[in-house]
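Novice: Next one to model:
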Amino acid sequence: MLTFQDSLITLSMVVLCIVSAILLKISLFFGFATAIILLLIYFSRKGFSAKSMAEAAMIAVRGCTVVYVVILLMGISIAVWIASGVIPAIIYYGLDWFAKETFLTAAFLITLIVAMIMGTGLGTLSTIGIALMGIGSGFGFEPPLVLGAILSGSYIADKLSPVNGLVNLLLGVAKLPYKVYARASLRTTAPVILLCILLYSWIGSASETVSAVVDTQLLRAALAEQYVMSPLLFLIPAILLGMTFKGFKIHVGMLVCILIGSLTAILVQGAGVTELITWLAKGYRLSPESAPLLADILKGGGIAPMLEVLLIVLCAVAFSGILERTDALAPMMNKVISEQDGPGRLTIKTGLLSILFLSVSCDQTLPILLPVKSLRSTFESRGLTIADLARTVSDTGVIMAPLQFWNVNTIIIVGLTGITPALYAKYSFLLYLFPVVTVIYALILGSRHGRRNQPSTTEKGV
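Specialist: As a prediction, the model looks like this:
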């Protein structure tokens, strides 16, 4: 039986390994690999079978096979969507369609809608998100600012999209219908989205102070010279959205669009087969000499840059599998949650624990499984519902993943964009407004509970 001390030791080992990798300036792969070895040694001495823990790690790794495929497809998609002219076309027409002052708000809302349909924040980022970053660069916005708006919109998928894997995991564990969960989530989702719209509108309204990197007309002319431009290129992202809407898995839709995009790159844009294969493997690049205005905007993707990301994700998933098998963090939760906690305090503690589990496991699965499985009866005994529990977990331990630089999501985001959370986090309003609004909502709950339980004047005089 593990104790609270075992939970603290587990937490300390994780922090030590991750921080050491950062200080030594080596890949987080080595940090996670070391943490796995330390966990195996420590829990073996606590009576757990090394074979059982290794099996748990392998089960977790095998269970995420689709994730690894999607990671590689993301890298390939970026290269293909640029080479085929899809992303250049979105930038070309977008610079004409969007107003600079409203662009950030539009980017937030567009990615929010696309993410709800596609059911994946990272998939949205690697497709329409990359194109919107190109438009933002054309308008002269800092890339981290544009990425922050895109991530704010994209990650609504992990919170509310009915076709998102995490949302369905949460609904399955909580045994909730989607409509009940969605209704409960609106209490925090509606004010957060409204606040994001106001903030991005305010930043956009001050955009006259931002000097454009290049004249937008010059950029459009350079795009038209380098690529064949046509609204028909929008059919490729439309096919992806249509397939997702019809229920096809995201990796199937991505693969189909990669094939169509590759044919478009060769037949329409005039790319050579060898040249295209090189881009798919190493990422798309333009020569600064031949396209000076476009070289810094239209680049990236490829399989090679995603390989390290894939290795880190593999280790993080295996690590999370061991934590789940040993139930190493349960004693910490049991220690923190008290029978004296009212609904407000219980909600806040649950949110904080979910964030802690996210920090330790580096993945969004454990922050869902552990609190929802363990705190059902506790929430109900305080007059709260299972939907309140599910909402609290998704508002905290799920939505904040891209803000932690060692998290699987962040590692993929950096691999796709080259922008670290230290740069984009302050602009990703939705990701930290959800926990803030959840705490405010919990304080209101606690205040109402306190007034209901306050003795009346008559009772005081008795």
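
Novice: Mind pulling the model confidence for Lys249?
Specialist: On pLDDT, Lys249 comes in at 85.

Novice: now swap in Ile440 and tell me
Specialist: Looking at Ile440, its pLDDT is 94.

Novice: Can you report how many residues neighbour the nearest residue to Ser126 once chain neighbours are set aside?
Specialist: Once flanking residues are discounted, Ser126 sits nearest to Met74: 3.9 Å by C-beta to C-beta, 6 or more residues apart in numbering. To be clear about C-beta, it is placed using only N, CA and C from the backbone, and glycine gets the same treatment. Using other C-beta atoms under 10 Å, Met74 has 24 neighbouring residues.

Novice: Count the residues that sit near Tyr178.
Specialist: Neighbour tally, Tyr178, other C-beta under 10 Å: 13.

Novice: residues contacting it?
Specialist: The neighbours of Tyr178, taking C-beta atoms under 8 Å, 6 or more residues apart in numbering as the test, are 162, 167, 171.

Novice: same question, Leu375
Specialist: 333, 337, 346, 350, 389.

Novice: picking that back up, among the contacts of Tyr178, who's most crowded?
Specialist: Most neighbours among these, by other C-beta under 10 Å: Val167, with 24 neighbours.

Novice: what helix or strand is it on?
Specialist: Assigned by DSSP states H and E, Val167 belongs to helix 165-174.

Novice: on that earlier part again, could you pull up phi and psi at the residue nearest to Ser126?
Specialist: The phi/psi pair for Met74 (degrees, to the nearest 10) reads phi -60, psi -50.

Novice: which ones are touching it?
Specialist: Applying C-beta under 8 Å, 6+ apart, we find Met74 in contact with 122-123, 126, 254, 301, 306, 412, 416.

Novice: Count the residues that sit near the nearest residue to Ser161 once chain neighbours are set aside.
Specialist: In this structure, Ser161 finds its nearest non-sequential neighbour in Gly119, 4.5 Å apart by C-beta to C-beta, 6+ apart. Residues near Gly119, counting by other C-beta under 10 Å, number 22.

Novice: cool, and Ala57?
Specialist: Count around Ala57 with other C-beta under 10 Å applied: 24.

Novice: Am I right that the residue nearest to Ser161 is in contact with Ile250?
Specialist: Yes - using C-beta atoms under 8 Å, Gly119 is in contact with Ile250, at 6.6 Å.

Novice: Poorly predicted segments of this protein, please.
Specialist: Filtered on pLDDT under 70, the chain yields the residue ranges 207-214, 449-462.

Novice: Is Asp341 in contact with Leu353, as I believe?
Specialist: No - counting by C-beta under 8 Å, Asp341 stays clear of Leu353, with 11.8 Å between them.

Novice: neighbour count winner among those two?
Specialist: Each of Asp341 and Leu353 has its neighbours counted (other C-beta under 10 Å); Leu353 has more, 24 against 17.

Novice: Return the distance of the host helix or strand of that one from the chain's centre.
Specialist: Per DSSP H and E, Leu353 falls inside helix 343-361. The chain centroid and the centroid of helix 343-361 are separated by 18 Å under C-alpha atoms, centre = their mean, to the nearest Å.

Novice: Residues contacting whichever helix or strand comes after that helix, please?
Specialist: Once the chain leaves helix 343-361, the next helix or strand it forms, by DSSP H and E, is helix 366-374. Contacts to helix 366-374, defined as C-beta under 8 Å, 6+ apart, come from residues 166, 169-170, 173-174, 320, 323-324, 329-330, 333-334, 350, 353-355, 357-358, 360-361, 386, 389-390, 392-394, 396-398.

Novice: excluding its backbone neighbours, what's nearest Gly418?
Specialist: Computed as C-beta to C-beta, 6+ apart, the closest residue to Gly418 that is not its neighbour in sequence is Gly300, at 7.3 Å.

Novice: Now do the contacts for Phe245.
Specialist: Residues counted as contacts of Phe245 (C-beta under 8 Å, 6+ apart) are Ile117.

Novice: mind redoing it with 10 Å?
Specialist: 117-119, 163, 253 (C-beta atoms under 10 Å, 6 or more residues apart in numbering).

Novice: Return the subset of these lying in strands.
Specialist: Among those, no member is found in strands (DSSP state E).

Novice: domains of the protein?
Specialist: Domain assignment for the chain by automatic domain parsing gives 4-60+312-449, 66-305.

Novice: circling back to that earlier point, would you agree the residue nearest to Ser161 is in contact with Val163?
Specialist: Yes - using C-beta atoms under 10 Å, Gly119 is in contact with Val163, at 3.5 Å.

Novice: Distance to Glu275 added to the contacts of Phe245, as a markdown table?
Specialist: Output for these, formatted as a markdown table (distance: C-beta to C-beta, whole Å):
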| residue | distance to Glu275 |
| --- | --- |
| Ile117 | 33 |
| Met118 | 29 |
| Gly119 | 33 |
| Val163 | 36 |
| Gly253 | 25 |
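
Novice: ranking those by neighbours, who comes first?
Specialist: Met118 (27 neighbours).

Novice: Now do that residue against Leu170, distance only.
Specialist: 18 Å (C-beta to C-beta, to the nearest Å).

Novice: Roughly how far does the nearest residue to Leu8 once chain neighbours are set aside sit from Leu431?
Specialist: Leaving aside its chain neighbours, Leu8 sits nearest to Met332 (7.3 Å; criterion: C-beta to C-beta, 6+ apart). Going from Met332 to Leu431 by C-beta to C-beta gives 24 Å.

Novice: Number of residues surrounding Val252?
Specialist: Val252 has 14 nearby residues by other C-beta under 10 Å.

Novice: surely Gly129 meets Leu112?
Specialist: No - between Gly129 and Leu112 there is no contact under C-beta under 10 Å: 11.4 Å.

Novice: Which one of those two is surrounded by more residues?
Specialist: Set Gly129 next to Leu112 and count neighbours by other C-beta under 10 Å: Gly129 wins out with 29 against 24.

Novice: mind listing what the closest residue to that one other than its chain neighbours touches?
Specialist: Closest residue in space to Gly129, ignoring its immediate chain neighbours: Ile150 at 4.4 Å, by C-beta to C-beta, 6+ apart. By C-beta under 10 Å, 6+ apart, the contact set of Ile150 is 104, 107-108, 110-112, 115, 121, 124-125, 128-133, 136, 413, 417, 424, 427-428.
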